[in-house]
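Student: Build me a model from this:
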Amino acid sequence: MQELARIISEPAAEDKLFELLEQEVQDKVGAKLVTLMWLDFEAGRARRIYTNRPDLYPTDDSKPITINPWHEHVIINKNTFVANSLDEMDEQFADKDFFSAHGCSSVLNMPVVINGKTVGSLNLLHEDNHFTEERIKRTQELVLTSMLCIMLQQSKLNS
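Tutor: Sure thing, here's the model as predicted:
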């Protein structure tokens, strides 16, 4: 907690917090591709605020918030979604061929919930069958940093 407080109180806090999130993901779970999305419900867009691969998924990109079974599972019901193969991703992931081309055939989407509302998702991609029960449990250790990243981003956007 003291490390988080120190990071948030310093200049360039947003960049340092994203670096911490990336380090925590790699230490606790591991992922080839890490993105953090903020849900801009007013505009109807999911906005990428962090990526460890800006060459593949830039932060200036967004996509429409789509109402589908994934949305119901993650956004409405606040459940983590896991697919450990391309077949498990089904039609809800239009970019699964893109994932596969970059060595990512499993995905984990963890909702980020603040004040009772899902405000974003932490998205991790890796090779087939990467997200074991143990790794899924360890994603809960990423919740606080993910929340703070979105809250800091929002405080900047709303100032």
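Student: Tell me where the protein has strands.
Tutor: Remark: strands assigned in the chain by DSSP state E are 33-40, 45-51, 62-64, 81-83, 106-114, 117-126.
Student: Which of these has the lowest mean pLDDT?
Tutor: Among the strands of the chain, strand 62-64 has the lowest mean pLDDT, at a mean of 90.
Student: Help me confirm that Tyr57 comes into contact with Thr51.
Tutor: Yes. With contacts counted by C-beta atoms under 8 Å, Tyr57 reaches Thr51, the gap being 4.5 Å. All C-beta atoms are positioned from the backbone trio N, CA, C, and that covers glycine.
Student: Now the common contact residues for those two.
Tutor: Residues touching both Tyr57 and Thr51 (C-beta atoms under 8 Å, 6 or more residues apart in numbering) are 33, 35.
Student: pLDDT-wise, which helix or strand of this structure ranks last?
Tutor: Lowest by mean pLDDT, DSSP states H and E among the helices and strands of the chain is helix 96-101, with a mean of 85.
Student: Can you tell me what sits against it?
Tutor: Helix 96-101 is contacted by residues 33, 56, 86, 89, 93, 105, 107, 125 when judged by C-beta under 8 Å, 6+ apart.
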